[in-house]
Structures are given as C-alpha cells and as structure tokens.
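In: below are the sequence and a predicted model; questions follow.
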Amino acid sequence: MNDINLSILKEGITAVTGSNGSGKTTFSKLLTGILTPTKGCVKLNGQLLTSLSLAQIGRQVGYVFQNPEKQLFCETVEEEISFGMHNLGFPLDQVALKTRDIMEYFELTRYSQSFPHNLSAGEKRRLAIAAVIALEPDLLILDEPTTGLDPYRKKLLGDYMERIIASNRGVVIISHDHKFIDRYATRLIRLREGQFTEG
Ligand SMILES: Nc1ncnc2c1ncn2[C@@H]1O[C@H](COP(=O)(O)OP(=O)(O)OP(=O)(O)O)[C@@H](O)[C@H]1O
Ligand SMILES: [Mg+2]
C-alpha cells in the first residue's frame, strides 16, 4: 500500500471492499496492531499504535478474523463469549447477563455447552462475532462477516451493527457482499492496487 492517508471515524458503518488479494485483510490487521507497517504509521485516537500494547488496543478496538476458527479456543460456546469480558474485568453479574443476552440474540443458546469447533460454519461465524461484540469496543472491525450467514442471520448482524452505531460507536466491515454493503454501510472505501478510493 502506498501514500495512503486515511481516517476511520468512530461513527457509522464503513465498508472496505476490493478484489481478492487487494489487501483488505492486511489493512484491517494494520488497524488493529496485529501487523506493523514497514513504512508510515497508524494512530488510534491520536496515539501511535506502536506505543500501545495489544491489550490497550483491545480495550478500544474489537476484531473478528476472516476465518472465525482462528479466534475460537474455549471449551464451550458460553465460555467463548464470556472469556473476553472476564479478561477485561467486567463485573461478574454483568458478564453473566451479557453472555445470556448475546447468546440469545445470535441464536446460540441451545449450543451454550457445545464445543465451539463442532458448530457449523455459520454458527462459528456468529459465535466469533458475538464474543467480540460482547466487549462493546469503540470500533468494531469485521473481516468478511457475512460469509456463511443465511439471509436472516445477515439481517440480525446488520441490525446489531445499527444498534452499535446508534450508541456512538463505529463499525468497519470488510466485505464483498454488495447487497449487505448497500443496505448498511454509511461510507464506502475501495482498495485497489495499493490505493484507496472513496464512494
Ligand atoms: N503474511 C504475509 N506475507 C506475505 N504476503 C502476504 C501475507 N499476508 C498476505 N499477503 C499477500 O498480500 C496480499 C493481500 O492479502 P490480503 O489477505 O490482505 O487480501 P484480501 O484483500 O483480504 O483478500 P481476500 O478477498 O481474498 O480476503 C495478497 O497478495 C497476499 O498473498
Ligand atoms: Mg481478506
């Protein structure tokens, strides 16, 4: 990527699109500090990302991998959702309540005691998203979140994203799903040959 100067605002739903291999996932990993740029810098609320620990970034930015299996590591669905909240020190009663509500919303309650890797592809996707959404990050970044979701589950996700932006937090989706983008995105960025274009 070259000569890029881009601000992602903590408002609305920003869609990042571009063909396979155009660098969308790489861009999202730069935004979350998983990758460090060889040139240039990334700032979060004015602070250099390299000056923050992954834990500090994680309190502000939530990231769901393109491949949800990469982030599932607990023994049960319920544990998978509550783990991050415990880690960030959420009060126990709040963790229990939030875990219950989010499992209900993403229709995972019947699998609460299941082993995450035994879920279907769409269920794993919903679980990975639910576990990050539960943390209520200021900026939520979802890499290809609609892959494997049926139309009804896409709508559930889209409606939840709208709920997030209504509470003054931001969402970035990396997606090829033009129907989903047209329905929900408030800003569109295209990535092509190392350059961004807007609109
Ligand atoms: N760790 C890496 N080391 C070297 N090259 C990489 C690495 N990760 C990705 N690439 C290359 O960088 C380019 C961009 O990859 P990236 O995964 O960001 O694309 P993408 O836009 O997310 O594609 P897709 O739509 O298939 O998910 C690709 O050509 C890929 O082969
Ligand atoms: Mg990708």
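Out: The structure has been received and is ready for your questions. Ligands and ions are numbered 1, 2, ... in the order given.

In: for ligand 2, what is the nearest residue in this protein?
Out: Here the residue of the chain nearest ligand 2 is T25; by C-beta to the ion that distance is 3.2 Å. The way it works is simple: take the backbone N, C-alpha and C, and place the C-beta from them, glycine included.

In: which element is that residue on?
Out: Element membership of T25, judged by DSSP states H and E, is helix 24-31.

In: next helix or strand past that helix?
Out: Counting by DSSP H and E, the element that comes right after helix 24-31 along the chain is strand 43-44.

In: just checking: what are the partner strands of the helix or strand that that following strand is followed by?
Out: Once strand 43-44 ends, the next helix or strand along the chain (criterion: DSSP H and E) is strand 47-48. Note on strand 47-48: by DSSP bridges, its sheet partners are strand 43-44 (antiparallel).

In: how about residues contacting the partner strand?
Out: Surrounding strand 43-44, the residues in contact under the criterion C-beta atoms under 8 Å, 6 or more residues apart in numbering are 49, 52, 57, 60-61.

In: picking up where we left off before, got a list of contacts for the helix holding T25?
Out: With contacts defined as C-beta under 8 Å, 6+ apart, helix 24-31 is touched by 1, 8, 16-18, 35-37, 42, 61, 63, 66, 141, 143, 172, 174, 191.

In: same question, stretch 121-130
Out: The contact list for stretch 121-130, computed with C-beta under 8 Å, 6+ apart, reads 64-65, 68-69, 71-72, 77, 80-81, 102-103, 105-108, 111, 116-117, 119, 142, 145, 147-150, 153, 157.

In: go again using 7 Å as the cut-off
Out: The list of residues contacting stretch 121-130 from outside it, by C-beta atoms under 7 Å, 6 or more residues apart in numbering, reads 64, 68-69, 71-72, 77, 80-81, 102, 106, 108, 111, 116, 119, 142, 145, 147-150, 153, 157.
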